[in-house]
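Enquirer: Need coordinates for the below:
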Amino acid sequence: MKTGKISIGLTYTGTEAKHLNYVNWLTGSDEIEVIKLCANDNNLSKIADVDAIVMSGGIDAHPKHYGSPVTNYPNAPEKFNEERDDFEIAVFKTALMQQLPILAICRGMQLVNCILGGDLHQDLGEEKNQRHRLTDEGKKHEIHIEPGSLLHHITHKEKDMADSAHHQCIHQLGKDLLINARSEDGIIEGIEWADKDDKTFFLGVQWHPERMYMQQLEASTLSKNIRTYFLAEVRKNARR
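Expert: Numbers count the residues shown, from 1 in each chain. A predicted model of the protein is given here:
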């Protein structure tokens with residue numbers, strides 16, 4: 001049963017510390033319930049109790065989800081988590097059926113693109129990884145936002161600074177999607193529905209707004225504004 005306060009289903013990113021970053025960013029000082037959705041807990045049924053979904057970052061999705069037989073590419077994980085992939089594919093499809101608002105971050109955005117028939121660059125290469133790949137400090141760089149997009153409506157900006165932590169990116173765009181942001185070196189940094197009529201809220205971002213919050217960059221439009229707009233969509237959904 002849903003409680004009186006809004007409830008957000010958050011896919012488990014793989015470590016408690018990183019999971020807590022998302023929880024802290026989503027809740028802030030508001031009274032919000034965050035429910036962990038995790039393959040190990042086999043708790044897909046918990047989606048019935050939430051008003052929205054956040055698909056978190058983490059380990060690379062298995063290449064089979066975008067039609068590639070190559071698993072030994074540069075910077076590939078030693079072991080893929082196929083159980084997580086399958087679980088989160090089911091989370092996304094269930095959320096669509098239930099018309100829940102969806103925010104997809106980093107791996108989450110890439111996985112959504114694959115579910116919708118797109119594919120990925122398996123590794124950015126040494127030069128671009130210097131700008132985008134995970135370090136303890138993160139990688140801060142400028143992104144350019146498409147005028148007229150939902151992301152532009154949310155941020156009211158055509159460029160801002162993002163915090164990245166990835167070595168893969170979208171190559172071929174999935175069905176029904178629109179690119180709303182790119183990095184200065186051309187990498188796809190954000191996606192949304194191309195035709196939003198009769199569709200629930202969906203936004204995918206390649207950067208980490210939750211990391212920006214923990215680094216006290218929460219005033220950034222790419223963290224604060226996204227959280228504010230997403231929570232407004234969640235509350236609208238909860239009142240339906």
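Enquirer: For the residue nearest to Glu88 when sequence neighbours are not counted, which residues are in contact?
Expert: Nearest non-adjacent residue to Glu88, counting by C-beta to C-beta, 6 or more residues apart in numbering: Thr11, 5.4 Å away. Every residue, glycine included, has its C-beta placed from N, CA and C. Shown in contact with Thr11 (C-beta atoms under 8 Å, 6 or more residues apart in numbering): 37-38, 53-56, 84, 87-88, 91, 108.
Enquirer: Could you do Arg235 as well?
Expert: Arg235 sits next to 6, 51 when contact means C-beta under 8 Å, 6+ apart.
Enquirer: Name the residues of the strand or helix carrying it that are buried.
Expert: Element membership of Arg235 [criterion: DSSP states H and E] is helix 226-238. Within helix 226-238, the residues scored as buried using 16 or more other C-beta atoms under 10 Å are 226-227, 229-231, 233-234, 237-238.
Enquirer: now for whichever strand or helix holds Asn180, which elements pack on it?
Expert: Taking DSSP H and E as the criterion, Asn180 maps to strand 177-183. Judged by 3 or more C-beta pairs under 8 Å, 6 or more residues apart in numbering; DSSP states H and E, the packing partners of strand 177-183 are strand 139-145, helix 150-155, strand 188-193.
Enquirer: now with 6 Å?
Expert: With contacts taken as 3 or more C-beta pairs under 6 Å, 6 or more residues apart in numbering; DSSP states H and E, strand 177-183 sits against strand 139-145, strand 188-193.
Enquirer: Give me the angle between the helix holding Arg235 and strand 188-193.
Expert: Compare the direction of helix 226-238 with that of strand 188-193 by axes from the mean of the first three to the mean of the last three C-alpha atoms, to 10 degrees and you get 20 degrees.
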